[in-house]
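A.B. asks: I'd like to go over a predicted model; first the sequence, then the structure.
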Amino acid sequence: MAPRWNDYGFFPRSRPREAKGGIRAHSKRGAFGENWWARRWVSVLEGFDLGARLGRGRSYARRGQVLDIATERGRVEARVQGSRPAPYKVSIKVTTLSGPQWRRAAAALNREARFAAKLLASEMPDDVEQAFENAGLSLFPERRKDLTTECSCPDWSNPCKHIAAVYYLLGEEFDRDPFLIFELRGMAREELVGLLSAAPAQGEPGGAGSTHDGEAEATVLPEPLRSETAAFWAGGELPSDPFGDVAIPVTMAALVRQLGRFPFWRGAASLIEAVEPVYAQAASRGLDVFLGTASR
């Protein structure tokens, strides 16, 4: 069998320099991406038949070799620490959808109320791709020419392992923020929400606030809260035990957990793992102070 073009070792495998403060992947082993949209993005990369460079890209992503990632409409810029002193510059350009194409997509999404309802609630519908296909469009890049990638490294292969590392980290970011794919395709979340809110749903010519005979339905404003300034300043009787039962919380860092994962986290441990011991110590110390048992 004749050797393939990527079998020639013009650039022997090198060991990257240690990167400090780089972005570390949450995935320690196995596949990247928990949700279908994250895995869908990674599958685009894995369809390029990069061979061993995919494994090296995963290793770079997990070791924290990617120093920073900046995303904007249709573009990703990153710096990756390789074997040379200066980090390599990575650029990924994604073909964006035009204004008329986005309006066509919004009309397709509004044909079924569940699509718009979930997107307006900042949730990604499981079959949102089908709505795009019905409009003759694709939410994710389908062909290699939909993506233009560049890296300043000397490797002639494109995508190289540095680009692959950025791809994998973007896949994990899609887990945290599924609307990043809309931004890379040219539509910010706020603009998409505005487009969906403005477009009437199927069977509703006037959209929200319209009646079946086409007459506008009057908007009912909520009744304002009653203002009782005197009662506010006069106050009221305090309960005999204003604090109630005071105990250490069962779940530490509850608010941090609600906020979810930090974008492009750089620590070796996750944010929750990093702050949970601090919350536990602070809660224990605070209870001692409250009960008057704290030692000086």
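C.D. replies: That came through fine.

A.B. asks: Skipping its backbone neighbours, what lies nearest Arg62 in space?
C.D. replies: Spatially, and ignoring its direct neighbours in sequence, Arg62 is nearest to Ala25 (4.7 Å; Cβ to Cβ, 6 or more residues apart in numbering). (C-beta placed from N, C-alpha, C; glycine too.)

A.B. asks: isn't there a helix covering that neighbour?
C.D. replies: No - counting by DSSP: H, G, I helix; E, B strand; the rest coil, Ala25 falls outside a helix, being coil.

A.B. asks: ok, it to Ala52 distance?
C.D. replies: As for Ala25, its distance to Ala52 is 18 Å (criterion: Cβ to Cβ, to the nearest Å).

A.B. asks: hang on, the earlier thing: check the gap between the residue nearest to Arg62 and Val80 for me.
C.D. replies: 13 Å.

A.B. asks: more crowded one of the two?
C.D. replies: Neighbour count, other Cβ atoms under 10 Å: between Ala25 and Val80, Val80 has more, with 31 against 20.

A.B. asks: Against Ala107, how distant is that one?
C.D. replies: For Val80, the distance to Ala107 equals 40 Å [Cβ to Cβ].

A.B. asks: need the contact list for Thr71.
C.D. replies: Neighbour list for Thr71: Leu170, Glu173, Leu180, Glu183, Leu184 [criterion: Cβ atoms under 8 Å, 6 or more residues apart in numbering].

A.B. asks: Which of the residues you listed sits closest to Gln281?
C.D. replies: Glu173 (31.0 Å; Cβ to Cβ).

A.B. asks: ok, that closest one touching Leu180?
C.D. replies: Yes - using Cβ atoms under 8 Å, Glu173 is in contact with Leu180, at 5.9 Å.

A.B. asks: The two: which has the busier surroundings?
C.D. replies: Between Glu173 and Leu180, Glu173 has the larger neighbour count (other Cβ under 10 Å), namely 23 against 20.

A.B. asks: Quick check, pLDDT for the more buried one.
C.D. replies: Looking at Glu173, its pLDDT reads 88.

A.B. asks: how about the helices of the stretch 101-250 of the chain, start to end?
C.D. replies: Under the criterion DSSP state H, counting those that start in this stretch, helices of the stretch 101-250 of the chain are mapped to 113-120, 128-134, 161-176, 180-184, 189-198, 229-234.

A.B. asks: Take those and lay them out in CSV including distance to Tyr60.
C.D. replies: Formatted as CSV, the helices of the stretch 101-250 of the chain follow (distance: least, Cβ to Cβ, whole Å):
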stretch, distance to Tyr60
helix 113-120, 33
helix 128-134, 29
helix 161-176, 4
helix 180-184, 20
helix 189-198, 29
helix 229-234, 59
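
A.B. asks: Most tightly packed of those?
C.D. replies: Highest mean neighbour count of the helices of the stretch 101-250 of the chain: helix 161-176, a mean of 26 (counted as mean count of other Cβ atoms under 10 Å).

A.B. asks: What is that helix packed up against?
C.D. replies: Helix 161-176 sits against helix 36-46, helix 52-63, strand 66-72, strand 75-80, strand 88-94, strand 147-151, helix 180-184, with contacts defined as 3 or more Cβ pairs under 8 Å, 6 or more residues apart in numbering; DSSP states H and E.
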